[in-house]
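>>> What shape does this take:
(one chain, ligands or ions: 1)
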Amino acid sequence: MSVEIETFAHRADWAAACAARMTDALAGALSERPRAFFAGSGGSTPGPVYAAMREADLDWSRVTVTLVDERHVPENSPESNATLLKTSLPVGPGQADFIPLYSPAVTVDRAAAVATHALSSRTDRLDAALLGMGEDGHILSMFPESPTLKTLLIPTLTPAVLGVPPGRDGLAPSRERLSMNLPWLMGCGTVVMALTGSAKRKVFEDRIMADPAIVPVAALAAHIPHLQVLWTEQSA
Ligand SMILES: O=C1O[C@H](COP(=O)(O)O)[C@@H](O)[C@H](O)[C@H]1O
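Model prediction:
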């Protein structure tokens, strides 16, 4: 299984291209349906992509924004992926609406069930998803060695959000998380992996041929033929 990696010399061009893939997909969905659904990632990579997306000529009032994954923390935490998206994209009254993965005052598994219901009651498919990858090869909150990993990567399950426990013996993640499963991405119209830096490119290329049942990057390659990978050398 090989995946083409589109290379950009300049980070600004990479961000603009990632953003255009997302907003073009959302505009296309809006030309056919009343609402379009976007799922974004957190972390340090997508900031410039979101900045470019918010400049797009898009009817954000017909877009629903959600997350591919989240830390099990409230929105006043600096670790909240929800806060990143809600402050980076046009989310709010008269703009896009937002479906969180985190729920206050419940266990992470209950929050996952609530998020699954909230998403599934609004749509059975995403139109655009922006992914990032950590240098340990995790995407969404699909962490190597996590007991939840194999379940998150089963391609035949119903789209769902699962609770992810902290890693044992110092392994990542350091705290509880919530993650969409692979079937959400398989059903998504446009999936972009936004990669920066040589180290991440090497991790991505090294793992693409690995076992898709246990390696997140390999699962993307195996089950998402329309995956687009956009890379620039320049990290944040
Ligand atoms: O923990 C997370 O990390 C990944 C990668 O983050 P980055 O800082 O290396 O860009 C991110 O895609 C994911 O959404 C986030 O929860």
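
>>> burial measure for the residue in the chain that the ligand sits nearest to, as a count.
Residue of the chain nearest the ligand, by Cβ to the nearest ligand atom: Gly43 (2.3 Å). The way it works is simple: take the backbone N, C-alpha and C, and place the C-beta from them, glycine included. By other Cβ atoms under 10 Å, the residues close to Gly43 number 15.

>>> Phi first, then psi, for the closest residue to Gln95 other than its chain neighbours.
In space, and not counting its chain neighbours, Gln95 is closest to Trp60: 4.7 Å by Cβ to Cβ, 6 or more residues apart in numbering. The phi/psi pair for Trp60 (degrees, to the nearest 10) reads phi -60, psi -20.

>>> so what does the top helix by length along the chain touch, helix or strand wise?
If you go by DSSP state H, the chain has its longest helix at helix 11-30. Packing partners of helix 11-30 (3 or more Cβ pairs under 8 Å, 6 or more residues apart in numbering; DSSP states H and E): strand 5-8, strand 36-40, helix 47-53, strand 128-131, strand 190-196, strand 228-232.

>>> Per-residue pLDDT of the residue in the chain sticking out farthest from the centre, please?
For the chain, the largest distance from the centre (Cα atoms, centre = their mean) belongs to Asp169, which lies 26.4 Å off. At Asp169, the model reports a pLDDT of 92.

>>> that older thread, does at least one residue of the longest helix of the chain sit close to the ligand?
No: counting by Cβ under 6 Å from any ligand atom, the ligand is not contacted by helix 11-30; separation bottoms out at 12.3 Å.

>>> what distance separates that helix from the middle of the whole chain?
14 Å (Cα atoms, centre = their mean, to the nearest Å).

>>> Kindly report the same for stretch 221-232.
With Cα atoms, centre = their mean, you get 13 Å for stretch 221-232.

>>> which parts of it are buried?
Ala221, Ala222, His223, Ile224, Leu227, Gln228, Val229, Leu230, Trp231, Thr232 (16 or more other Cβ atoms under 10 Å).

>>> likewise stretch 152-166?
Buried, per 16+ other Cβ under 10 Å, within stretch 152-166: Leu152, Leu153, Pro159, Ala160, Val161, Leu162, Gly163, Val164, Pro165, Pro166.

>>> Same question for stretch 72-87.
Buried residues in stretch 72-87, counting neighbours by 16+ other Cβ under 10 Å, are found at His72, Val73, Ser80, Asn81, Ala82, Thr83, Leu84, Leu85, Lys86.

>>> What of stretch 92-110?
Buried, per 16+ other Cβ under 10 Å, within stretch 92-110: Ala96, Asp97, Phe98, Ile99, Pro100, Leu101, Tyr102, Ser103, Val108.
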